[in-house]
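Visitor: After the sequence you'll find the predicted model.
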Amino acid sequence: MVSDIREIAAKFERIGTHSHIRGLGLDENLKAKDVAEGLVGQKKAREAAGVIVRLIKGGKMAGRGILIAGPPGTGKTAIAVAISKELGKDIPFVHVAASEFYSSEMKKTEALIQTMRKAIGVRIKETRTVLEGEIVGLDYNMVPNPYNPTQKIPESATLTLATKDDKRTFSVSGRLALQFMYQGIEVGDVIVIDKETGRIAKVGRSEKASKKYDLGNADIVEIPSGKVEKEKEFTYVVTLYDLDEANARRGSIFSLFSAESREIDNEVREAVDDQVKKWVEEGRAELVPGVLFIDETHLMDIELFAFMNRAMESEMAPIIILASNRGFSKIRGTDIVAPHGIPLDLLDRLLIITTEPYTKDEIKTIIEIRAAESGIMLSDDALEKLMDIGVQNSLRYAIQLLAPAHEYAKLRNSGKVSLEDVERASQIFVDVTQSSAYLKKWEEKMLAM
Ligand SMILES: Nc1ncnc2c1ncn2[C@@H]1O[C@H](COP(=O)(O)OP(=O)(O)OP(=O)(O)O)[C@@H](O)[C@H]1O
Ligand SMILES: [Mg+2]
């Protein structure tokens, strides 16, 4: 099972409009600074989020839920993004919009359970026997390729590895020798070979070799010390979903050709759960409950809510963070009106964080930060105008006008956005209220459903 595991290389992130956010901007006492790490104001919510991050890191939040509630554009998604930054890359954080559960490819509850399992990590510790050192000798024994005699391939190779204290010579198979060639590994490289699987990893160029050949910007590493052959401990985090996938795939050869997104049998998940529990009992793995952030929660229907409520009771459940900008509204799929359109029995179990509308000055600072992040210079009156738009229309609309206004400035060959550029952009692009007014006005002329 283990060899199918892959490390989570980069976390899936939705940056774009939240790229200026680096963290929650709190001090050691979990007090929010006025402006820090890209966040402005909204102090109570940020401080609450800070406590939650501590609880999550301490493993005390699993299976619980949080709701971030507040009017549109008050930073709910921004705070969730900040939470993910604070958690670091070892704790899974999955960001979805509730609409993503509905697709033609799989049942919505299947999509939800798969997403929940992407938010649960398993930290696996493994001790493996490796050969590690700088290559000080590598001689290929070349023979004609049996399928194409004009070509030569290595039949075997002699490899000498050295550490600061040890030196050993091995005879390696043709298969491994070919790997060396393909990966461009040569004398002077520091490598690690997994003795059992033969997997080779190049660590970098040895400092000694780089001095000798002046190799420019190759990764320079120290020559390892100790024995060439040693036991090494490796740790990596995979998600339950990764394990499900790996196990489902081995089920049938036909799955190789099927589309990427597909349903996974419950038996596969149960087998994975049992395996993981066994690893945990044996001390070979640790469960790392991460966060599933579901934005635009009002798009979840009663069935999804019921399913999620039940899944949260399981011992392998992630922390769920929901965000809603709805007041009292109908629970989707029913005629029941509930706060935020969320069933009461679920709501009852959630910790709730609220966000409040921003002051004029806060809006101004957020626009300034966004402009700086996008490399846009604003004149004073352009900033004032955008602030007014942010107050009267919405913060998001003001932020969205930055890019077109910048284009107009460029057309004037100016590096700085002026008041006129902002006005020109705001005349061409309307905000939601204006566009609804437009729809009302021309209703009878538009195509009906
Ligand atoms: N306190 C803040 N500090 C800095 N930037 C912020 C802050 N609050 C919001 N923003 C930025 O303002 C924009 C709108 O905020 P965001 O999308 O987080 O609002 P929201 O509450 O999620 O709105 P909706 O209910 O419409 O989803 C985003 O670009 C966000 O990064
Ligand atoms: Mg949002």
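Guide: Here it is on my side, so go on. Ligands and ions are numbered 1, 2, ... in the order given.
Visitor: Near ligand 2, which residues of this structure are found?
Guide: Residues of the chain lying close to ligand 2 by C-beta under 5 Å from the ion are 76-77. The way it works is simple: take the backbone N, C-alpha and C, and place the C-beta from them, glycine included.
Visitor: how about 6 Å then?
Guide: Counting by C-beta under 6 Å from the ion, the chain comes close to ligand 2 at 76-77, 295, 323.
Visitor: May I ask which of these has the most neighbours?
Guide: Top of those by neighbour number is Lys76, holding 27 neighbours under the definition other C-beta atoms under 10 Å.
Visitor: Is it in contact with Gly70, as I believe?
Guide: Yes - using C-beta atoms under 8 Å, Lys76 is in contact with Gly70, at 5.7 Å.
Visitor: Need the residues touching each of these two.
Guide: 325, 355 (C-beta atoms under 8 Å, 6 or more residues apart in numbering).
Visitor: so what's Val190 up against?
Guide: Applying C-beta under 8 Å, 6+ apart, the residues contacting Val190 are 132-135, 202-206, 221, 223-224.
Visitor: and which of the residues you listed is nearest Gly174?
Guide: Of all those, Gly174 sits closest to Ile135, with 17.6 Å by C-beta to C-beta.
Visitor: Closest approach to ligand 2 from the chain, which residue is it?
Guide: Thr77 (3.3 Å; C-beta to the ion).
Visitor: that older thread, selection in ChimeraX covering whichever of the contacts of Val190 are buried, please.
Guide: A single ChimeraX command suffices to select whichever of these are buried according to 16 or more other C-beta atoms under 10 Å:
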select :132,133,134,135,202,203,205,206,221,223,224
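Visitor: how about the nearest residue to Gly179, chain neighbours excluded?
Guide: That one is not Gly; residue 179 is Gln. Distance criterion C-beta to C-beta, 6 or more residues apart in numbering; nearest residue to Gln179, sequence neighbours excluded, is Ile200 at 5.5 Å.
Visitor: Need the per-residue pLDDT for the residue in the stretch 301-449 of the chain that ligand 1 sits nearest to.
Guide: Relative to ligand 1, the nearest point of the stretch 301-449 of the chain is Asn325 (3.3 Å; C-beta to the nearest ligand atom). Here, the pLDDT recorded for Asn325 equals 92.
Visitor: Please verify my assumption that the residue of the chain closest to ligand 2 contacts Ala323.
Guide: Yes - in this structure, Thr77 is within contact of Ala323 by C-beta under 8 Å, at 6.4 Å.
Visitor: Which neighbours do these two have in common?
Guide: With C-beta under 8 Å, 6+ apart as the test, Thr77 and Ala323 both reach Asp295.
Visitor: sorry, back to before: what helix or strand is the residue of the chain closest to ligand 2 on?
Guide: Element membership for Thr77, per DSSP states H and E: helix 76-87.
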